[in-house]
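> build me a structure from this.
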Amino acid sequence: MHTNNGNSVKRKEKILEAALLCFNEKGYHKTSIDNIALNGKISKGGIYYHFKSKDDLFLKLFNFRLNRYTEQLKAYIQEESDPLKRIRILIQKWGLILKENEDFFKFCMEFSSMGARENEIRKEMTSFYRSSVEIFRQIIEDGISIGEFENTDAEGIARVIYFLSQGVFSTYFAADCDFDLIEQHTFNMETLLKSITKSTDV
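Model prediction:
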């Protein structure tokens, strides 16, 4: 029973990876289930066993990979109690994950752009936005409460972190850039942290 479940999970992940390649190469609208089946060397029936439609596959791909990375980031900071160190860990690890998984984050560009037209995608992007801001808001509030950060608008700063991250990420994948992604992301975040951290030793 466990073996069958394990094989089913592997097949599902294989389909998701094949879909990722196709969506990145052709875009959502020009990708068909036939393309994904051919790329993943799996039958169309096998795809429809796991996913109801191309729309369903598109959404599940986003959620599957995003949840994986979110859990990784949470694991990195769960043993650290200092708010400033927690944010720095998130900055460092987010950059590394982004660099190591450029294929998925390239996919996210198209996924997020479709949120302007597709309600289901808009809901997913709204959920991602709110959960991301909430993570940083809580850390900043913790830092304010112990006197590590200035008494500032925690939610506003959390939004700035999100917007800065999204901005450097979208520019990196949409244009020919003259910067290193991780270096620029780190510079952006460190500049922001200096503006809210009370200690001069930052």
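> show me how this structure divides into domains.
1-51, 56-196 (automatic domain parsing).
> any chance of those in TSV, with mean neighbour count and mean pLDDT too?
All C-beta atoms are positioned from the backbone trio N, CA, C, and that covers glycine. Shown next, in TSV, are the domains of the chain (neighbours: other C-beta atoms under 10 Å; pLDDT from 0 to 100):
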stretch	mean neighbour count	mean pLDDT
domain 1-51	15	89
domain 56-196	16	91
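> center of this structure - which residue?
Against the mean C-alpha coordinate of the chain, by C-alpha atoms, centre = their mean, the closest residue is residue 66 at 5.0 Å.
> the residue lying closest to it once chain neighbours are set aside sits in which helix or strand?
Distances taken as C-beta to C-beta, 6 or more residues apart in numbering put residue 128 closest to residue 66, at 6.6 Å, once the chain neighbours are dropped. Here residue 128 is covered by helix 119-145, with elements defined by DSSP states H and E.
> what lies in contact with the next helix or strand after that helix?
Sequence-wise, the next helix or strand downstream of helix 119-145 (DSSP H and E) is helix 154-174. With C-beta atoms under 8 Å, 6 or more residues apart in numbering as the test, helix 154-174 has contacts from 94, 98, 102, 105-106, 108-109, 112, 129, 132-137, 140-141, 144, 177, 179, 181, 184-185, 188-189, 192, 196.
> which ones are touching residue 177?
Counted by C-beta under 8 Å, 6+ apart, residue 177 has contacts residue 171.
> equivalent analysis for the one 5 residues further on, please.
Residue 182 sits next to 95-96, 98-99 when contact means C-beta under 8 Å, 6+ apart.
> then residue 144?
150-152, 154.
> please redo it, this time with the cut-off set to 7 Å
151, 154 (C-beta atoms under 7 Å, 6 or more residues apart in numbering).
> likewise residue 61?
For residue 61, the contact set (C-beta under 7 Å, 6+ apart) comprises 16, 19-20.
> how about the helices in this protein?
Residue ranges of the helices in the chain, as given by DSSP state H, are 2-26, 33-40, 44-50, 54-77, 83-100, 102-113, 119-145, 154-174, 181-196.
> and the first one with helix 102-113, angle?
Compare the direction of helix 2-26 with that of helix 102-113 by axes from the mean of the first three to the mean of the last three C-alpha atoms, to 10 degrees and you get 70 degrees.
> what packs against helix 2-26?
In this structure, helix 2-26 packs against helix 33-40, helix 44-50, helix 54-77, helix 102-113, with contacts taken as 3 or more C-beta pairs under 7 Å, 6 or more residues apart in numbering; DSSP states H and E.
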